[in-house]
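1. any chance you can model this:
(2 chains, ligands or ions: 1)
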Amino acid sequence: MGLTSKLGEMGVITVRLEDAVNWARTRAMWPMLFGLACCAIEMMSTQASLYDLSRFGMELMRPSPRQSDLMIVAGRVTRKMAPVLRQLYDQMPEPKWVLSMGDCASCGGVFNNYAVVQGVDEIVPVDVYVAGCPPRPEQLIHGIMMLHERVKQEHISDWA
Amino acid sequence: MTGIRDSAWEGDLEQLKGLVSERALTGETMVLNMGPQHPSTHGVLRLILELDGETIVNCTPDVGYLHTGIEKTFESKRYEQAVVLTDRMDYLNPLGNNLAYCLAVEKLTELDVPPRAQYLRVLLAELTRINSHLVWLGTHALDIGAMSVFLYCFREREKVLDIFEMVAGQRMMATYFRPGGLWRDVPEEFEPAVRDFLDYFPAKIDDYEKLLTENPLWRDRTQGIGYLSADDAVRLGCTGPTLRGSGVNWDIRKAIPYSSYDHFEFDVPLGQHGDVYDRYLIRIEEMRQSLRIVRQALDNLPSGPVRSNNRKYVPPPRSEIGHSMEALIHHFKLWTEGFRPPEGEVYVRVESPRGELGCFLASDGSPRPWRVHFRTPSFIHLSALPHMAKGHMIADLVGIVGSIDIVLGDCDR
Ligand code: SF4
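-> Residues are numbered from 1 along each chain as shown, chains lettered A, B, ... in the order given. The predicted structure follows:
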């Protein structure tokens, strides 16, 4: 309503293409339903009643990488899982972003050993790191909002 | 990047010999890969399925996608440091894992645990059980197609997490139990908060039941599915609700009571049919029984210390360090070197929400465990999965996987 009254009779808004596209991208960024370990439970809490990620247009988690924009790496990535994770990343269509949730995904966390990849950034490019073991839902939401801010800064020249 | 991609398994039927029947090798039946990225496998489980039409002929779980090397990491941590690792194993039952490990260390060192700490341990372990069953119920219902249950369950779960945060400062990974007792006493707000929850929660369990128990769709999808006879359940090493669903009365809390469980009155619900539906009923009833235990523990909570005062193993409280030289030395020794338990091996078991969680600990007398092994219910139940899944439709598989309530962190460690 506010918009129509502001625009009056014109019926047209002018905006930079960049801004319009970035706005659209941040308002419906579908995360991939991709839980690895404990952090995934907190990711589910973030989705569920109290924290309600749908406020950010993110209620729709897609189990298929081909339908998702954001990979939330929620949990420890093991050496056996690493190739699978990379394959999932490759299957996601552009534009795509990666959020590394939790200490394990960011740097190996408490598991500095033979089995755990010491940071998912060894295999996929990460946009935002969220610390915590596991991060609280508020922290995850903060990370997501930081990512949104980043996406809003993107320029046409960055779009491949 | 290419190195990692090259090592990926490139589905070749020859490699599947022994996992599937001869018919698959001739192409008569179809081999289908399910997971590790699948919404209904509760984490990173991979199943290699052989299908005849839509019927499952063979089902082979492939575990290890979450193998974290936790048992090995234990060997490089001192006894009191390693509590942190236990939370992260079965991440729906963090305090239960703490309990198993602490009991093992206490058995090894013959440490006493004050009664107040024992009661609080029981109380919190039962809240953890409720917590775990809530996640199970939400995701299990979601898998089978009842979306709203998930949202309700997580609403209630937040209340339990608030209690954990109040006592330990962390929502999920509380690390609240220590060898010899608890990290510290519970705060004053603890009791009213638990009482609130006790008043609030029973009506919610009824709500879940209203949504599911008599729901014809739910019954169609769960009754008669994933049958496991009592004999098979025992033979395959099943424990917990999976075993009790088949009517075998075995609950470690009753059979081999630990941490003063024998002081509490509660019933062990049993199923009759050994199917997905009965396991569902049992877990729902277990939540009610857990509430009973929590109420009793709270009503009869003894007063007194929450940590043993055996200074050989348990650090002195901060207040003593200021004026006692001996306390200072103990403190310094324990935090720089750790304690040295006697040589030996112990095995203790507790009833986790999933079944028997056993902790084996071998000590060589040094401050670090020589070997730690956990007997985890998820791993054992997963090996019973093929037995239950055979002959069912592929759509029922998610129900069966849900009904044994696996946590891959528990399975792979
Ligand atoms: S960061 Fe902590 S909570 Fe998250 S996966 Fe690692 S151990 Fe689990």
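2. for the ligand, what's its nearest residue on chain B.
-> residue B:88 (4.2 Å; Cβ to the nearest ligand atom). (Glycine included, C-beta is placed from N, CA and C.)
3. how about that residue: what's its closest non-neighbour residue?
-> residue A:38 (6.0 Å; Cβ to Cβ, 6 or more residues apart in numbering or on different chains).
4. tell me the contacts of that neighbour?
-> Neighbouring residues of residue A:38 by Cβ atoms under 8 Å, 6 or more residues apart in numbering or on different chains: A:75, A:102, A:133-134, B:88, B:91, B:172-173, B:409.
5. could you do residue A:65 as well?
-> Taking Cβ under 8 Å, 6+ apart as the test, what residue A:65 contacts is A:32, A:71, A:88-89, A:91-92, B:37.
6. the same query, at a cut-off of 10 Å, please.
-> A:32-34, A:71, A:87-93, A:96, B:37 (Cβ atoms under 10 Å, 6 or more residues apart in numbering or on different chains).
7. ok, now residue B:344?
-> B:107-109, B:361-365.
8. count of residues packed around residue B:365?
-> 10 (other Cβ atoms under 10 Å in any protein chain shown).
9. likewise for residue B:296?
-> Residue B:296, neighbours per other Cβ under 10 Å, totals 18.
10. please name the nearest non-neighbouring residue to it.
-> residue B:264 (5.1 Å).
11. top of the contacts of residue A:38 by neighbour count?
-> In terms of neighbour count, residue A:75 stands highest of the contacts of residue A:38 at 32 neighbours, by other Cβ under 10 Å.
12. residue ranges of the strands in the chain, please?
-> All of this is about chain A. A:70-74, A:97-101, A:128-130 (DSSP state E).
13. my question was about chain B, not that one.
-> Under DSSP E, chain B gives strands at B:30-34, B:46-52, B:55-62, B:177-178, B:181-182, B:344-352, B:355-363, B:371-375.
14. may I see the buried residues of the first one?
-> Applying a neighbour-count criterion of 16 or more other Cβ atoms under 10 Å in any protein chain shown, one finds B:31, B:34 buried in strand B:30-34.
15. then the third one?
-> Judged by neighbour count using 16+ other Cβ under 10 Å, the buried positions of strand B:55-62 are B:56-62.
16. now tabulate the strands of chain B in TSV and tack on mean pLDDT.
-> As requested, the strands of chain B are exported to TSV (pLDDT from 0 to 100):
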stretch	mean pLDDT
strand B:30-34	83
strand B:46-52	86
strand B:55-62	87
strand B:177-178	89
strand B:181-182	88
strand B:344-352	92
strand B:355-363	91
strand B:371-375	91
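17. just say which of these is most tucked in.
-> Greatest average neighbour count among the strands of chain B goes to strand B:177-178 (a mean of 28), per mean count of other Cβ atoms under 10 Å in any protein chain shown.
18. direction included, what does it pair up with?
-> Applying DSSP bridges to the sheet, strand B:177-178 is found paired with strand B:181-182 (antiparallel).
19. start and end of stretch B:295-309, how far apart?
-> Using Cα to Cα, to the nearest Å, the end-to-end distance of stretch B:295-309 comes to 28 Å.
20. average pLDDT for the helix ranked longest in chain A?
-> In chain A, taking DSSP state H as the definition, the longest helix is helix A:137-152. Helix A:137-152 comes out with an average pLDDT of 90.
21. relative orientation of it and strand A:97-101 in degrees?
-> 160 degrees (axes from the mean of the first three to the mean of the last three Cα atoms, to 10 degrees).
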